[in-house]
Structures are given as structure tokens and as C-alpha cells.
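> sharing a sequence plus its predicted fold:
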Amino acid sequence: MKKVLLIAAIAVCSLKVSAQTEQGNIVVGGSVNFSSQKIEVEDDAATSFSIIPKAGYFIQENIALGTGIGFQSGKSFDGDKTNTFIIAPFGRYYKSISEQFKFFGELSVPMAFGRSENEDGDKGPKYSAIGVGLSPGFAFFPTKKFGIELSFSGISYRSETVKPEIGDDMTSNVFNIGADFFNPNIGLLFYF
């Protein structure tokens, strides 16, 4: 009888973790960011605010597909304002490390579309960006429905285009590789 109870307890504990990332489950989270910079000499400030809720669906065990859809608003030092619509489809793969810990890798394709406006309300150039990024991270599951994540920027590429009313388009390409372990992203996700 003790052996049966021990086997049942082990089975329940193993379900505790895998239940979050089983096929058919949904993961919900997102990000909220605010930043402010001030130059004392010129008494100027720049601010930025973004909110990007995201949700994913586990198409099979440990593999989720989803997207984030959100908005970013900012004001530069010269008073220009920018409003940006963001959509960021992603795929995520989890690998179990222990009963409550999983490693994950996330591949995302963030896209942004916006336009600037000066202090007088005149419309400025249109802005668009598309990128691809691969980010590693760790997830801790204290309960069946709740996860705490620690992730790092990994490898990313981003192409940005500014389209002024007059003149040629300006395009920049940015490639990043590396992780800043002193500046991780911390997240809370809910699993249903």
C-alpha cells in the first residue's frame, strides 16, 4: 500500500509542472514599461510608456504559439510625440529542468507602426519596424496556474524605416547578440 501511495504522490507531483504546458492550455501575461529621462542643464525631459498584453496557446506539450498586441507612446527631448501600434507574434519551447523549473526559448517577430507629431500638432514621418529575436529564460512554477519568469535578451535583428512626407525613406538595421545578466526581464504569467 505504501508503494502505491508513493507512486501516486510522484505522479501527482509530476503533473504539477507539466499541467502548465500541456496541449490545449493557454498562457496569459504581458509587459508594462515606463521610462523618463531628464537633462538638468536644458530642463528637458523625455518619456516613454508601453503596454503589451500577450497570450499563447499550447499546440502540443511544451510548445506554445501566441502574440502580443499593444501600444507605445513617447515624447522626445525636443517635444515630438510618437504613438506606435505593436504586434509581436511568438513561439515558445519549454524544457523541464526539475519539478518546478523549466528552461524556455522564445522566438518572436515584433512589428511596430507609428507616426510622430511635433509640439504644434503637425504630423511627422511615418515609422515602421520589423524584427526577429531569440531569447532564453527560466520559469518557476510555485502553483499550477502561476509562473514567475526570468528572461534575457539573446540574439535579435531589427529593421526600422522612417518615411518622411518629402524625400527618401531612411532605413536602419540593428543586430544584437549577447545577454546582460545584470539587467534581466522578470515576468508573471498565468496558465489556464
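On my side now, so go ahead.
> rest of the way, CA atoms for contacts and neighbours
OK.
> helices of this protein, start to end?
Assigned by DSSP state H, the helices in the chain fall at 2-18.
> what's in contact with the longest strand seen in it?
In the chain, with assignment by DSSP state E, the single longest strand is strand 123-143. The contact list for strand 123-143, computed with C-alpha atoms under 8 Å, 6 or more residues apart in numbering, reads 16-17, 100-118, 147-165.
> direction included, what does it pair against?
Here strand 123-143 is paired, per DSSP bridges, with strand 101-108 (antiparallel), strand 111-117 (antiparallel), strand 146-151 (antiparallel), strand 155-163 (antiparallel).
> please identify the buried residues of it?
Residues of strand 123-143 classed as buried: 123-141 (neighbour count, 16 or more other C-alpha atoms under 10 Å).
> go on, stretch 52-72?
For stretch 52-72, burial by neighbour count (16+ other C-alpha under 10 Å) applies to 52, 54-59, 61-72.
> do stretch 161-174 as well
For stretch 161-174, using 16+ other C-alpha under 10 Å, the buried residues are 161, 162, 163.
> export it as PDB, just CAs?
In PDB, the C-alpha atoms belonging to stretch 161-174 read as follows (Å, rounded to 0.1, in the frame of the first residue of the first chain):
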ATOM      1  CA  THR A 161      12.100  52.600 -41.700                       C
ATOM      2  CA  VAL A 162      11.200  56.300 -41.400                       C
ATOM      3  CA  LYS A 163       9.100  57.600 -44.300                       C
ATOM      4  CA  PRO A 164       9.100  61.400 -44.400                       C
ATOM      5  CA  GLU A 165       6.500  63.400 -46.400                       C
ATOM      6  CA  ILE A 166       9.300  64.800 -48.600                       C
ATOM      7  CA  GLY A 167      12.500  63.000 -49.500                       C
ATOM      8  CA  ASP A 168      13.800  59.500 -49.400                       C
ATOM      9  CA  ASP A 169      12.900  56.800 -46.900                       C
ATOM     10  CA  MET A 170      15.600  56.300 -44.200                       C
ATOM     11  CA  THR A 171      16.300  52.700 -43.100                       C
ATOM     12  CA  SER A 172      18.400  51.400 -40.400                       C
ATOM     13  CA  ASN A 173      19.300  47.800 -39.500                       C
ATOM     14  CA  VAL A 174      20.300  46.700 -36.000                       C
END
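> any idea how far residue 99 is from residue 143?
Distance, residue 143 to residue 99, using C-alpha to C-alpha, to the nearest Å: 11 Å.
> right, and residue 51 touches residue 73 too?
No. Using C-alpha atoms under 8 Å, residue 51 makes no contact with residue 73, being 9.3 Å away.
> can you tell me the closest non-neighbouring residue to residue 138?
Leaving aside its chain neighbours, residue 138 sits nearest to residue 103 (4.5 Å; criterion: C-alpha to C-alpha, 6 or more residues apart in numbering).
> dig out what that neighbour forms beta bridges with.
Applying DSSP bridges, one finds that residue 103 bridges with residue 95, residue 138.
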